[in-house]
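Novice: I'd like to go over a predicted model; first the sequence, then the structure.
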Amino acid sequence: MTRVAIIDSGGANIASLRFALERLGVDSVLTSDSSALREASHVLLPGVGTAADCMERLRKAGLIDTIRTLTQPILGICVGMQLLFEASDEGDVDCLGLLPGRVKRFDDKPGLTIPHMGWNQLEFVERSPLLADIEPGAYVYFVHSYCVPTSDITMAWCTYGETFSAIVQRDNIYGVQFHPERSAQTGSLLLRNFLRL
Amino acid sequence: MRFRDHVVVGDILELAQRYRDEGADELVFYDITASPEGRSVDRAWVRRVARVLDIPFCVAGGIRSVADAEEVLGEGAEKISINSPALADPELITRLSERFGSQCVVVGIDSQTVDGTYQVYQYTGDPSRTRNTARRTLDWVREVQARGAGEIVLNCMASDGVRRGYDLEQLAAVRRECKVPLIASGGAGAPEHFAEVFKMANVDGALAASVFHSGALSIRTLKQYLREAGIEVRP
């Protein structure tokens, strides 16, 4: 049975994610309770605010070690994906270290507005189970000023001045830089695919 | 590229879903009388909209504090847009961007030419209270960015509602000062107006209201036109 837990790190904008799950017919609990997270079949880690603020809230909630030892599928969304990596330049903070790499700010380039905010295209070759029924070139909605360079855990990428990781995956750890809950049909498919893992 | 829609008429939920289905990239909900009436946007309908909508949406109307913003974002809005309250308390922009990140803090600016310069107006939702702030638009554009605005919607008042095209000259002038995403507002009446504002003023998005509400132009038709004009749009 699908029992979805959303990690409550005290950020504001969780409602849209819960509503997206509701539209898929899935109930979710918003929780900062370690045992509730361990019992869930799927865990979502959203992020609101800066990486440093998010890490501080997770620390205060006593969730760092819990998250590091979860074995079920975990999906980090936006800043939540960034938290999965070793560290972030945003506030120069150590993150969860579940994935290798460091989060960096977009390179400043003439004519490039930061944050990267809006619809952009996913590119991918190898298929991650998260990408079932999604075609390369599909548009998804991004809002971010920091990004993760591509590496061997990159399952889909996107280009905005530079190429960065849009979807990452290793073992049970998944991350999406965009907002599936605001990415219309493509986002809905991605969430459905995650919940089928 | 994005389009936004400024909803003031009809059944909001029905309209929101119709625009989503037609391919709108983002919706903006303005409660334009909230600030002049000294109140703030109704949280209940923010939640109702968030339940059904799977594209980004922004909410504006009398958001005067971090607490107001927290409630609106907590109900599921993607972004908040502030205009008159930012003019009354510019520090609000800083507080909001520090708390929520600049990406969800949009500053709306109502501007028009006065004595040969662009100047900022406040409380434009109520004609009897609308006032010239004597701030120069280009100065305000620089200031709001320094304070952490993540996006600017420039509404060119003289063009607004006239449907004769965006104010390309003013938008291009603001574009030169604006390093964050800039959204054009005011004046769209035909597909060519959208094409020219993207090409000539290099804006990141174009917002329109009455041209869609009236049924004069559908978003689907518009996007088809733009694609044929060589402008990248989401299907």
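Specialist: Nice, I can see it. Numbers count the residues shown, from 1 in each chain, chains lettered A, B, ... in the order given.

Novice: And the lengthiest strand in chain B, what's buried?
Specialist: Across chain B, the longest stretch assigned as strand under DSSP state E is strand B:105-114. Within strand B:105-114, the residues that count as buried by 16 or more other C-beta atoms under 10 Å in any protein chain shown are B:105-112. C-betas here are computed from N, CA, C, even on glycine.

Novice: What strands line up against that strand, and which way round?
Specialist: strand B:79-82 (parallel), strand B:117-122 (antiparallel), strand B:151-156 (parallel) (DSSP bridges).

Novice: list the helices and strands the helix or strand just after the last one packs on?
Specialist: Heading C-terminal from strand B:151-156, the first helix or strand you meet, by DSSP states H and E, is helix B:168-177. In terms of contact count using 3 or more C-beta pairs under 8 Å, 6 or more residues apart in numbering or on different chains; DSSP states H and E, helix B:168-177 is assigned the packing partners strand B:105-114, strand B:117-122, helix B:137-146, strand B:151-156, strand B:182-185, helix B:191-200.

Novice: can you redo these as CSV with mean pLDDT?
Specialist: Output for those, formatted as CSV (pLDDT from 0 to 100):
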stretch, mean pLDDT
strand B:105-114, 95
strand B:117-122, 95
helix B:137-146, 98
strand B:151-156, 96
strand B:182-185, 96
helix B:191-200, 97
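
Novice: and stretch B:172-184, which residues are buried?
Specialist: By 16+ other C-beta under 10 Å, the buried positions in stretch B:172-184 come out as B:173-175, B:178-184.

Novice: ugh, typo on my part, it should be stretch A:181-197
Specialist: Neighbour count says stretch A:181-197 has A:181-184, A:186-195 buried, by 16+ other C-beta under 10 Å.

Novice: Now do the SS call for residue A:98.
Specialist: State at residue A:98, reduced to three classes by DSSP: H, G, I helix; E, B strand; the rest coil: coil.

Novice: I'd like to know how far it sits from chain B.
Specialist: Distance of residue A:98 to chain B, given as C-beta to the nearest C-beta, to the nearest Å: 23 Å.

Novice: Could you report the neighbour count for that residue?
Specialist: Neighbours of residue A:98 under the rule other C-beta atoms under 10 Å in any protein chain shown: 20.

Novice: I figured it was touching residue A:70, is that so?
Specialist: No: between residue A:98 and residue A:70 no contact is recorded; they are 9.1 Å apart, counting by C-beta atoms under 8 Å.

Novice: Find the residue at the geometric middle of chain A.
Specialist: residue A:77 (2.0 Å; C-alpha atoms, centre = their mean).

Novice: Once you drop chain neighbours, what's closest to that one?
Specialist: residue A:46 (4.9 Å; C-beta to C-beta, 6 or more residues apart in numbering or on different chains).

Novice: And for residue B:194?
Specialist: Per C-beta to C-beta, 6+ apart, closest to residue B:194 is residue B:206, 5.1 Å.

Novice: On the strand side of things, show who the residue nearest to the centre of chain A bridges to.
Specialist: residue A:176.

Novice: OK, contacts around the residue of chain A found nearest chain B?
Specialist: Relative to chain B, the nearest point of chain A is residue A:15 (3.6 Å; C-beta to the nearest C-beta). Residue A:15 is in contact with B:47, B:50, B:74-76, counting by C-beta atoms under 8 Å, 6 or more residues apart in numbering or on different chains.

Novice: mind listing which of these are in helices?
Specialist: Among the contacts of residue A:15, the members falling in helices are B:47, B:50, B:74 (criterion: DSSP state H).

Novice: Look up how far residue A:123 lies from residue A:167.
Specialist: Noted for residue A:167: a distance of 10 Å to residue A:123, by C-beta to C-beta, to the nearest Å.

Novice: Which of these two has more residues huddled nearby?
Specialist: Between residue A:167 and residue A:123, counting by other C-beta under 10 Å, residue A:167 is the more crowded of the two (25 against 14).

Novice: Wait, that one touches residue A:134, no?
Specialist: No: Residue A:167 sits out of contact with residue A:134 when judged by C-beta under 8 Å, with a separation of 9.8 Å.

Novice: Name the residues contacting each of those two.
Specialist: Residues touching both residue A:167 and residue A:134 (C-beta under 8 Å, 6+ apart) are residue A:122.

Novice: How about the residues of chain B by chain A?
Specialist: B:1-2, B:20, B:25, B:47, B:50-51, B:54-56, B:69-70, B:73-78, B:99-104, B:150-151, B:178-182, B:204-205, B:234-235 (C-beta under 8 Å from any C-beta of the partner chain).

Novice: Got a PyMOL select line for the buried ones in the residues you listed?
Specialist: The buried residues among the residues of chain B next to chain A can be selected in PyMOL (16+ other C-beta under 10 Å) with this line:
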select buried, chain B and resi 1+2+20+25+47+50+51+54+55+56+69+70+73+74+75+76+77+78+99+100+101+102+103+104+150+151+178+179+180+181+182+204+205+234
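
Novice: what sits against residue A:174?
Specialist: Going by C-beta under 8 Å, 6+ apart, residue A:174 touches A:73-76, A:130, A:167-168, A:194, A:197.

Novice: let me redo that: residue A:4
Specialist: Residue A:4 neighbours (C-beta under 8 Å, 6+ apart): A:21, A:26-29, A:40-44, A:195.

Novice: Report the residue spans of chain A with pLDDT below the cut-off.
Specialist: Where chain A drops to pLDDT under 70, the residues are A:10-13.

Novice: Can you tell me the closest non-neighbouring residue to the closest residue to chain A within chain B?
Specialist: Nearest residue of chain B to chain A, counting by C-beta to the nearest C-beta: residue B:76, 3.6 Å away. Nearest non-adjacent residue to residue B:76, counting by C-beta to C-beta, 6+ apart: residue B:50, 2.6 Å away.

Novice: who touches residue A:19 in this structure?
Specialist: A:181, B:50-51, B:76.

Novice: Oops, could you answer that again for residue A:109 instead?
Specialist: residue A:161.

Novice: again with residue A:99
Specialist: Residue A:99 sits in contact with A:84-86, A:153, A:168, A:170, A:173, A:175, where contact means C-beta under 8 Å, 6+ apart.

Novice: what's near enough to touch the most centrally placed residue in chain B?
Specialist: Centroid check for chain B by C-alpha atoms, centre = their mean gives residue B:153 as the closest residue, at 4.4 Å. If you count contacts by C-beta under 8 Å, 6+ apart, residue B:153 has them with B:4, B:28, B:81, B:106-109, B:183, B:185, B:207.

Novice: Thanks a lot, catch you later.
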